[in-house]
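Asks: show me the folded form of this:
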Amino acid sequence: MACRRSNRILTLLGALFSGLIAVALIAASNASAAGSSTTPPAPGAKPAGFGVLLVTPRVSTVPGNATLTVHFDAKLTPIAQAQLPKLTPALAGAWSQPTATTLRFTPTAAYLPGTVVHLTVPAGIKATDGGVLKRAVTRTYQVGEPSSARLSQLLADLRYLPVHFVSSHDPRAGDENAQLQALYSPPSGQFVFGHGWPAQLHSLWSVDNAVVLRGAVMNFEAQHGLPIDGVAGPTVWKALVQARVAWHLNTAGYSYAIGSEASPESLTLYHNGAVALHTPANTGIPGESTAQGTFPVFERLRSQVMRGTNPDGSHYADLVQWVAYFNGGDAVHYMPRADYGTPQSLGCIELPYTAAETAWGYLTYGTLVTVTG
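Replies: Numbering: from 1, shown residues only. Next up, the predicted model:
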């Protein structure tokens, strides 16, 4: 009995297994038939994915004369002028015809610093295998700061420094495109010091001395009606380029002052390499001394009531004239005293009336004042 029951079960399992195999074979046959009836790809059709791989430079801040390159993921066909990428705002230069998979823009001018530039690669550009760029691609850049070396060169060219820039490659006046490109690729050359300047000014000079350049920029800003902060921002760079193109030089000349705390104390003022004034002066008393160093004049007043507190705690309110502030509350000005040449002030450099009036005419915005021991 047990043996007959086991054989019957095995027979039923075998039948079921055979049925499953048959179903599987029928499904496989149907799938094969369906695959053989699928329409094959058209000859030469471009697979999905044709587009822009990347745009270089890949950073968001670029020089104003940067070369821009668009890289595609397939070889390009020749492109009509109207179909080339666009720069906004426009810039003089040329797009190359495709070199395999790239388009390259080479500028012949440059943007001013701070300019926001949009590069648009239009839809419709075609690949040699039939692919078409379906959507426009846009990249945005901001033009960064120009070369600091060019700042010194321009200020020297325009006579806002005590040096001259000598170069056979310096762009000539009137060539705005060349002047703009030189902001980012400055010409080689050398700076030549003018005659008659004191050793203190010689020791200060370098192409990247922040105090010297700040003073020169302040002087330039004052003469061109710009806010006086000594910072070469986009507005200053634009005005510098315009002045260099039109050859609008500093006609007021270059001034430099030295306040000496050596006895007898004095102020010596140089203008265009010659001594314009040498006069006795008073500097700060012990505990309220005049800070040593070099500082640009940042404020000028014909007269003012100076108010403050004396070392003994009493208060003062003194009418002073011909005021030129150069370091915080320290200024060169007239102050009536019985004599001059010794420490008497609370940090300012005090001068006799006539000397102060003369000095004020030279101590324009940005003029450097050096205080020495």
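Asks: show me how far the helix or strand hosting residue 257 is from its chain's centre.
Replies: Per DSSP states H and E, residue 257 falls inside strand 255-260. Put simply, strand 255-260 sits 31 Å off its chain's centre (CA atoms, centre = their mean, to the nearest Å).
Asks: just give the closest residue to residue 219, not the sequence neighbours.
Replies: Ranked by CB to CB, 6 or more residues apart in numbering and with sequence neighbours excluded, the top spatial neighbour of residue 219 is residue 366, at 3.5 Å. Backbone N, C-alpha and C define where each C-beta goes, glycine included.
Asks: three-state assignment of the residue nearest the centre of the chain?
Replies: Nearest to the mean C-alpha position of the chain, counting by CA atoms, centre = their mean, stands residue 145 at 1.3 Å. Here residue 145 is recorded as coil under DSSP: H, G, I helix; E, B strand; the rest coil.
Asks: so it versus residue 233, what's the distance?
Replies: Taking CB to CB, to the nearest Å as the criterion, residue 145 is separated from residue 233 by 9 Å.
Asks: check residue 270 too.
Replies: Distance of residue 270 to residue 233, given as CB to CB: 29 Å.
Asks: between those two, who's got more neighbours?
Replies: residue 270 (22 against 14; other CB atoms under 10 Å).
Asks: all helices of the protein, in order?
Replies: For the chain, the helices defined by DSSP state H occupy 2-36, 148-157, 176-182, 199-204, 210-223, 234-246, 353-362.
Asks: shared neighbours, residue 145 and residue 233?
Replies: Taking CB atoms under 8 Å, 6 or more residues apart in numbering as the contact rule, residue 145 and residue 233 both touch residue 113.
Asks: could I get the phi/psi values of the residue lying closest to residue 170 once chain neighbours are set aside?
Replies: Distance criterion CB to CB, 6+ apart; nearest residue to residue 170, sequence neighbours excluded, is residue 187 at 5.1 Å. Main-chain torsions, residue 187, degrees, to the nearest 10: phi -70, psi 160.
Asks: from the structure, what's the count of residues near residue 187?
Replies: Neighbours around residue 187, by other CB under 10 Å: 15.
Asks: how about stretch 333-341: buried residues?
Replies: Buried residues in stretch 333-341, counted by 16 or more other CB atoms under 10 Å: 333-335, 340.
Asks: got the contact list for residue 218?
Replies: By CB under 8 Å, 6+ apart, the contact list for residue 218 reads 228-230, 296-298, 365-366.
Asks: and if we set it to 6 Å?
Replies: Contacts for residue 218 (CB atoms under 6 Å, 6 or more residues apart in numbering) come out as 228, 230, 296, 365-366.
Asks: separation between it and residue 227?
Replies: Residue 218 is 10 Å from residue 227, by CB to CB.
Asks: I figured residue 171 hits residue 179, correct?
Replies: Yes. The pair formed by residue 171 and residue 179 meets the contact definition of CB atoms under 6 Å, at 5.1 Å.
Asks: least reliable of the helices of the chain going by mean pLDDT?
Replies: Of all the helices of the chain, the minimum mean pLDDT falls on helix 2-36 (a mean of 39).
Asks: who has more neighbours out of residue 171 and residue 179?
Replies: residue 179 (23 against 18).
Asks: residues touching the more buried one, list them.
Replies: Taking CB under 6 Å, 6+ apart as the test, what residue 179 contacts is 171, 241, 244-245.
Asks: repeat that for residue 181.
Replies: By CB under 6 Å, 6+ apart, the neighbours of residue 181 are 65, 110.
Asks: same thing but 7 Å
Replies: Counting by CB atoms under 7 Å, 6 or more residues apart in numbering, residue 181 touches 65, 109-110.
Asks: if you rank the contacts of residue 179 by neighbours, which is first?
Replies: Neighbour-wise, those (other CB under 10 Å) top out at residue 244, 24 neighbours.
Asks: and the longest strand for the protein?
Replies: Looking across the chain with DSSP state E, the single longest strand is strand 315-327.
Asks: and it, how far from the chain's centre?
Replies: On CA atoms, centre = their mean, the centre of strand 315-327 falls 37 Å from the chain's centre.
Asks: also stretch 219-226?
Replies: 19 Å.
Asks: the closest residue to residue 86 other than its chain neighbours bridge partners, please.
Replies: Leaving aside its chain neighbours, residue 86 sits nearest to residue 120 (4.9 Å; criterion: CB to CB, 6+ apart). Applying DSSP bridges to residue 120 gives these bridge partners: residue 86, residue 138.
Asks: residue 120 and residue 341, how far apart?
Replies: Distance, residue 120 to residue 341, using CB to CB: 70 Å.
Asks: again with residue 278
Replies: Residue 278 is 12 Å from residue 341, by CB to CB.
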